[in-house]
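[1] 3D, please:
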Amino acid sequence: RQFGFDARRDQVGNVVGTVGPEGGREIVILGHMDTVPGFIEVEERGGALYGRGSVDAKGPLVTSVIAAARAAERARLRVTVIGAVQEEGPSVGARHLTERPAPDFLAIAEPSGWDAVVLGYKGSQRFTVTISQPSGHTAGPLTSAPERAVEFWNALAAWCAAQTPDARDEFNRLTPTLIRMSSADDGLEDRASLHIGLRLPPDIRVEDVRKGVQTLLPDACYDFAVGEPAVRGGKNNALVAGFLRAIRAEGGKPRFKVKTGTADMNVVGPVWNCPMVAYGPGDSKLDHTPNEHVMIEEYLRAIRILTDMLEGLE
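    Numbering: from 1, shown residues only. Below you'll find the predicted structure:
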């Protein structure tokens, strides 16, 4: 509100601020306020700002707030900046936003680097597989639940590789990650669990992945989280053209990226079906790391670029 936004919290806790003329075209800049766990001392060192969220994604979110406020007087369209909740999890905030009318343009406030725009993100499907069986003596013939879990993981890795044998790069591969594992035996039941994440390329559907995974070990118990398909926006639209122009005006050579992770673009993008990119300062390789930091000059450059883009977008 101090920056001139009409600001409020919605029903799930998202912070929504709007500036610019009413009744015309709209761009939504969607960031998120939450971070992964882990305290990092907030400090300025060597031209960089350190702290949890400096890259993912408070840096890009604050860039959006400042740029929208600066562009408010010259912008020809309404700018809505949203700080969503629980992006680092079930995307509660973004799922709620799918119920609002679609904007004309969408910019996701995530790190891209000051001279690049992100066109797409891989999809995601997380699940837990649990193997339970009667306990047996370790010297007996029964394969233990942990051993069967290892066999399942090896089979899953091979199955994923077979789904995308001709993939040109990581974005087009079906990629498994073993996130957590546990096992227990109380003398009556032998149990093992694996928590696994799958990153989906554009041509692989969430439903097909679930069916394929379950065929690898039919007698196991599966708990699937909500899955998200991959999403990719186009290059030939006014939003992308505006970013390219603004990056060049700042002295950069624009680049296009696609991300192997997921973001709230995966949730709202397929529903709103409008021109979309992700943009913000920071190196995404520093996401979730103990060394998370953003270069201050990059942050300031990103503000200038986003301001310029918003002032020129119609």
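[2] can you give me the mean pLDDT across the helix or strand harbouring Leu49?
    Leu49 is located in strand 48-50, with elements delineated by DSSP states H and E. Average pLDDT, strand 48-50: 98.
[3] which residues are in contact with that strand?
    Strand 48-50 is contacted from outside by 40-44, 59, 291-296, 299, using CB atoms under 8 Å, 6 or more residues apart in numbering. All C-beta spots, glycine's among them, are computed from the backbone N, C-alpha and C.
[4] Need the max-distance pair from those residues.
    With CB to CB as the measure, no two of these lie farther apart than Glu41 and Tyr299, at 18.3 Å.
[5] between the two, which one's more packed in?
    The neighbour comparison of Glu41 against Tyr299 (other CB atoms under 10 Å) goes to Tyr299, with 21 against 8.
[6] if I've got this straight, the more buried one is in a strand?
    No - Tyr299 is assigned helix when assessed by DSSP: H, G, I helix; E, B strand; the rest coil, not a strand.
[7] quick revisit: list buried residues within the contacts of strand 48-50.
    Neighbour-count burial (16 or more other CB atoms under 10 Å) is assigned, among the contacts of strand 48-50, to 40, 59, 292-296, 299.
[8] any chance of the residues you listed in a markdown table, with secondary structure and pLDDT too?
    Output for those, formatted as a markdown table (DSSP: H, G, I helix; E, B strand; the rest coil; pLDDT from 0 to 100):
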| residue | secondary structure | pLDDT |
| --- | --- | --- |
| Ile40 | coil | 97 |
| Gly59 | helix | 98 |
| Glu292 | coil | 98 |
| His293 | strand | 98 |
| Val294 | strand | 98 |
| Met295 | strand | 98 |
| Ile296 | helix | 98 |
| Tyr299 | helix | 98 |
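[9] After the helix or strand where His195 lies, which helix or strand is next? Please name it.
    Here His195 sits within strand 189-200, counting by DSSP H and E. Using DSSP H and E, the helix or strand that follows strand 189-200 in sequence is helix 206-216.
[10] And the contacts of the next helix or strand after that next one?
    Going down the chain from helix 206-216, the next helix or strand is strand 221-224, by DSSP H and E. When contacts are defined by CB under 8 Å, 6+ apart, strand 221-224 is touched by residues 125-132, 210, 213-214.
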